[in-house]
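Colleague: prediction below, plus the sequence it came from.
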Amino acid sequence: MADELTKSLQDLNLDLVAIADPNLRRCIIGLLNIVQQQAQRIAQLEEENRRLKDEIARLKGEQGRPDIRPNKPAAGTGTNHSSEKRRKDKKPRVPHHKTIEVDRTVPCPVDPAALPEDAVYKGTETTVVQDVIFRRDNVAFEREKYWSPSLNKTFLGPLPQGYERYRFGPGVRSLVVVLYYVTGGSEPKILELLASRGVQMSSGELSDLLIHDIDQFHQERAEVHTAGLESSPWQQIDDTSTRINGVNHYCHVLGNPLYTIYRTMPSKDRPTVLAVLRGTETPRYLVNDAAVVLAAGLGVSGAVLSWFQQRLPWDEELDEKAFNAAYDAGMSFVGGQTKRKLYEAAALAAYRAQTDVPVVRALLGDDAPQFDEVTDDRALCWVHDGRHYAKLTPMVPSFQQELESFQDRYWNYYRELRAYRQAPTLEEAARLERAFDELFKTAVTYKGLSDRMKKTREKKGELLLVLSHPELPLHNNDSELAARQRVRKRDVSLEPRTDAGAKAWDTMQSVVMTAKKLGVAIYEYVEDRVTGRGRMPRLAEVIRTKAAELNLGASWALAPSK
């Protein structure tokens with residue numbers, strides 16, 4: 001039925017502009033919007049009915065419909081929500097020619113017997129061929145051994161640096177880390193590859209190398225987190241799901257152009273977001289004057305605020321376990337939304353009072369509510385907002401044309417913002433602000449589009465924060481792409497089985513993504529850390545050097561904190 005109605009609407013050739021009577025035109029537009037809404041509702045109900053029938057068939061032991069995705073999303077189905085073609089300028093492809101570093105030179109002489117008598121030597125012609133060497137290198141260390149009867153002690157010749165682990169040297173340990181965390185290989189396939197080269201390793205030994213042999217990376221990840229927060233007053237944030245031994249958790253992704261940090265936590269509420277920003281294992285809480293003001297601003301009543309001040313430890317920062325115990329002992333009778341608001345106020349107060357890491361001035365992300373009130377400023381992603389328009393599925397031809405025209409103007413305005421970031425001026429900022437109002441207050445007949453434009457207008461301050469802080473990106477693709485790396489990891493390895501495994505995932509994905517952003521050769525970096533040579537600079541040092549060059553917080557230096 002929905003398909004027939006859709007076809008009828010698409011075949012409808014109605015020129016609304018040609019209707020002279022304004023009352024009649026408004027009436028017809030209203031009816032078309034009602035028909036549009038009902039057509040979408042019928043399509044949703046038919047899809048839901050199909051799913052229910054399939055589920056009933058499965059419960060009866062029969063087979064439901066096979067889940068086969070179409071080769072290409074059908075036009076008008078609303079299944080393709082990408083805005084890449086609209087928002088990006090078409091640029092001619094320029095071939096990249098990189099210089100290949102030569103490791104050794106091998107002469108290739110001509111056989112003199114094959115040369116005629118008149119052959120004249122003209123020098124050499126260089127042909128560069130790239131290759132790698134992957135072979136087994138089992139080493140037997142003959143360690144001198146002495147026994148001292150007087151000291152009752154054995155003296156043994158030390159192993160060379162990097163070979164302290166008896167079973168596996170730095171080459172194998174570096175390789176498995178890179179294969180697992182950089183290329184996304186699975187543990188069985190890594191073991192299969194090693195076995196093909198004669199390396200004997202059990203699944204338990206491989207797991208131990210990937211989880212418990214990376215302490216040096218845990219420390220570097222903590223340094224990266226602090227240096228990254230210091231590098232700019234604004235940060236980008238996103239999250240994606242991650243299960244730990246079958247229990248739902250959330251992987252939070254925090255970063256900017258110089259670094260990326262992954263943190264897997266049990267929740268994604270506001271106190272957890274604050275813990276991610278601060279780098280603590282659990283949320284921290286503080287009841288002080290600021291917490292009381294924040295709680296009042298969230299709508300907590302005066303009576304509850306009085307108990308909040310009197311029955312909880314005053315001006316003493318507590319971890320999650322201690323705060324839960326104190327709250328249960330003093331205020332267990334206050335629950336529901338009020339309890340949530342009190343926890344959020346105490347978490348915000350603790351974050352703003354701490355001096356362990358810089359307090360973030362602005363967060364760039366989607367419009368998820370847990371990011372509200374966390375920082376002085378919020379910046380929203382234009383690409384994320386644009387997806388809402390791509391999800392609209394008008395069936396009336398005039399509505400389709402209206403949406404197409406609006407989307408063209410939407411992404412043209414986006415390109416103007418992008419140009420402004422390159423050469424910001426007060427005059428251009430004022431013009432773009434006026435242009436925003438003109439664009440999103442345009443009168444349209446398609447109610448779905450009108451409602452969506454109204455929601456965008458309500459986010460004007462967050463979407464146009466870039467006008468006062470041109471350093472801000474216009475989109476959150478950086479964090480979303482980083483989150484996608486965790487999704488790819490889930491596709492291959494499913495989930496970590498222990499908290500230690502989740503911590504290893506977080507740490508190694510953090511250092512790998514950060515090294516990539518900084519242009520650090522990842523295999524060299526891993527090998528340098530595993531061998532303990534320490535010849536390559538710490539990632540935090542590289543972040544600080546590049547931050548000084550880029551000056552990602554130039555406009556914030558002139559703006560006082562709120």
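Modeller: Okay, I see it. This one's a predicted model, so the numbers in the text were calculated from it and none came from an experiment.
Colleague: export stretch 399-408 as CSV, just CAs?
Modeller: Listed in CSV are the C-alpha atoms of stretch 399-408, where the atom choice follows Å, rounded to 0.1, in the frame of the first residue of the first chain:
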residue,chain,number,x,y,z
PHE,A,399,8.5,18.8,-1.4
GLN,A,400,11.4,16.8,-3.0
GLN,A,401,12.4,19.9,-5.1
GLU,A,402,12.1,22.1,-2.0
LEU,A,403,14.4,19.8,0.0
GLU,A,404,16.9,19.5,-2.9
SER,A,405,17.1,23.3,-3.2
PHE,A,406,17.5,23.8,0.5
GLN,A,407,20.3,21.3,0.8
ASP,A,408,22.2,23.0,-2.0
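Colleague: neighbours around Tyr259, how many?
Modeller: Burial of Tyr259 is recorded as 29 neighbouring residues (other CB atoms under 10 Å). (Glycine included, C-beta is placed from N, CA and C.)
Colleague: what sits against it?
Modeller: The contact partners of Tyr259, by CB atoms under 8 Å, 6 or more residues apart in numbering, come to Val224, His225, Ala227, Gly228, Ser231, Ser510, Met513, Thr514, Lys517, Leu518, Leu539, Ile543.
Colleague: check what pLDDT Ile29 gets.
Modeller: For Ile29, the model assigns a pLDDT of 73.
Colleague: and it, that's in a helix?
Modeller: Yes. Secondary structure of Ile29 (DSSP: H, G, I helix; E, B strand; the rest coil): part of a helix.
Colleague: do you know how far it is from His218?
Modeller: Distance from Ile29 to His218, counting by CB to CB, to the nearest Å: 61 Å.
Colleague: ok, these two, which is more surrounded?
Modeller: The neighbour count for Ile29 versus His218, taken as other CB under 10 Å, is higher for Ile29 (19 against 15).
Colleague: quick one: residues contacting Val292.
Modeller: Leu305, Phe308, Gln309, Ala345.
Colleague: nearest to Asp289, of the residues you listed?
Modeller: Proximity of these to Asp289, judged by CB to CB, is greatest for Gln309, which lies at 9.0 Å.
Colleague: and Thr126, its phi and psi?
Modeller: Reported as degrees, to the nearest 10, the phi and psi values for Thr126 are phi -90, psi 130.
Colleague: look up how far Leu115 lies from it.
Modeller: Taken as CB to CB, the spacing of Thr126 relative to Leu115 amounts to 20 Å.
Colleague: between those two, which is the more surrounded one?
Modeller: When Thr126 is set against Leu115 and neighbours are counted by other CB under 10 Å, the residue ahead is Leu115, at 11 against 7.
Colleague: and that one, what does it touch?
Modeller: Taking CB under 8 Å, 6+ apart as the criterion, Leu115 is in contact with no other residue.
Colleague: could you list the low-pLDDT ranges of the stretch 201-350 of the chain?
Modeller: Along the stretch 201-350 of the chain, no part satisfies pLDDT under 70.
Colleague: and stretch 266-285, how far apart are its ends?
Modeller: 17 Å (CA to CA, to the nearest Å).
Colleague: look up how far Arg452 lies from Ala347.
Modeller: In this structure, Ala347 lies at 33 Å from Arg452, with CB to CB as the measure.
Colleague: these two: who's more crowded?
Modeller: More neighbours surround Ala347 than the other of Ala347 and Arg452, with 27 against 20 (other CB under 10 Å).
Colleague: excluding covalently adjacent residues, which one is nearest to the more buried one?
Modeller: In space, and not counting its chain neighbours, Ala347 is closest to Pro271: 3.7 Å by CB to CB, 6 or more residues apart in numbering.
Colleague: ok, Ile100 next?
Modeller: Excluding the flanking residues, the one nearest Ile100 by CB to CB, 6+ apart is Val128, at 5.1 Å.
Colleague: pLDDT at that neighbour, what is it?
Modeller: Reported pLDDT at Val128 in the predicted model: 93.
Colleague: can you count the residues close to it?
Modeller: Residues lying near Val128 (other CB under 10 Å) number 9.
Colleague: tell me the spacing between it and Leu439.
Modeller: Plainly put, Val128 is 53 Å away from Leu439 if you go by CB to CB.
Colleague: over to Phe168?
Modeller: Distance from Phe168 to Leu439, by CB to CB: 61 Å.
Colleague: neighbour-wise, which of these two wins?
Modeller: Neighbours were counted for Phe168 and for Leu439 using other CB under 10 Å; Phe168 has more, 20 against 16.
Colleague: from what I can see the more buried one touches Ser202, true?
Modeller: No. With contacts counted by CB atoms under 8 Å, Phe168 stays clear of Ser202, the gap being 11.2 Å.
Colleague: now do the end-to-end distance for stretch 108-127.
Modeller: Across stretch 108-127, the straight-line distance between its terminal residues is 10 Å, by CA to CA.
Colleague: chain center to that stretch, what's the gap?
Modeller: When distances are taken as CA atoms, centre = their mean, to the nearest Å, stretch 108-127 is centred 57 Å away from the chain's centroid.
Colleague: the nearest residue to Tyr523 once chain neighbours are set aside: neighbouring residues, count only.
Modeller: Closest residue to Tyr523 in three dimensions, ignoring its sequence neighbours and counting by CB to CB, 6+ apart: Val178, at 5.5 Å. When neighbours are defined as other CB under 10 Å, Val178 has 19 of them.
Colleague: which residues touch Val178?
Modeller: Contacts for Val178 were tallied using CB under 8 Å, 6+ apart; they are Ile522, Tyr523, Val526.
Colleague: against Ser405, how distant is the first one?
Modeller: Read that as Ile522. The gap separating Ile522 from Ser405 is 46 Å, by CB to CB.
Colleague: neighbour-wise, which of those two wins?
Modeller: Shown here are Ile522 and Ser405; by other CB under 10 Å, Ile522 has more neighbours (16 against 12).
Colleague: hmm, the more buried one is touching Ala515, no?
Modeller: Yes. Counting by CB under 8 Å, Ile522 touches Ala515, with 5.1 Å between them.
Colleague: you'd agree the residue nearest to Ile100 is up against Val102?
Modeller: Yes. Here Val128 lies in contact with Val102, judged by CB under 8 Å, at a distance of 6.3 Å.
Colleague: so where is the chain shaky, pLDDT-wise?
Modeller: Flagging of the chain using pLDDT under 70 yields the residue ranges 1-18, 20, 25, 60, 63-64, 66-97, 558-562.
Colleague: who's in contact with the closest residue in space to Val247 that isn't next to it in sequence?
Modeller: Nearest in space to Val247, with sequence neighbours left out and distances taken as CB to CB, 6+ apart, is Pro266 at 7.9 Å. For Pro266, the residues meeting the contact criterion (CB under 8 Å, 6+ apart) are Val247, His249, Tyr250, Thr272.
Colleague: buried ones from those, can you make that a ChimeraX selection?
Modeller: Buried members of the contacts of Pro266, defined by 16 or more other CB atoms under 10 Å, are picked up in ChimeraX with:
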select :249,250,272
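Colleague: closest one of the contacts of Pro266 to Ile190?
Modeller: Once CB to CB is applied, the member of the contacts of Pro266 that ends up nearest Ile190 is His249, at 24.7 Å.
Colleague: need phi/psi at the closest one.
Modeller: Note on His249: its backbone torsions stand at phi -130, psi -180 [degrees, to the nearest 10].
Colleague: quick check: bridge partners of it?
Modeller: Partner residues in beta bridges with His249: Thr242, with DSSP bridges as the criterion.
Colleague: that one is in contact with Ala502, isn't it?
Modeller: Yes. Taking contact to mean CB under 8 Å, the distance of 7.2 Å between His249 and Ala502 places them in contact.
Colleague: mutual contacts of the two, please.
Modeller: With CB under 8 Å, 6+ apart applied, the overlap between the contact sets of His249 and Ala502 consists of Thr242, Thr264.
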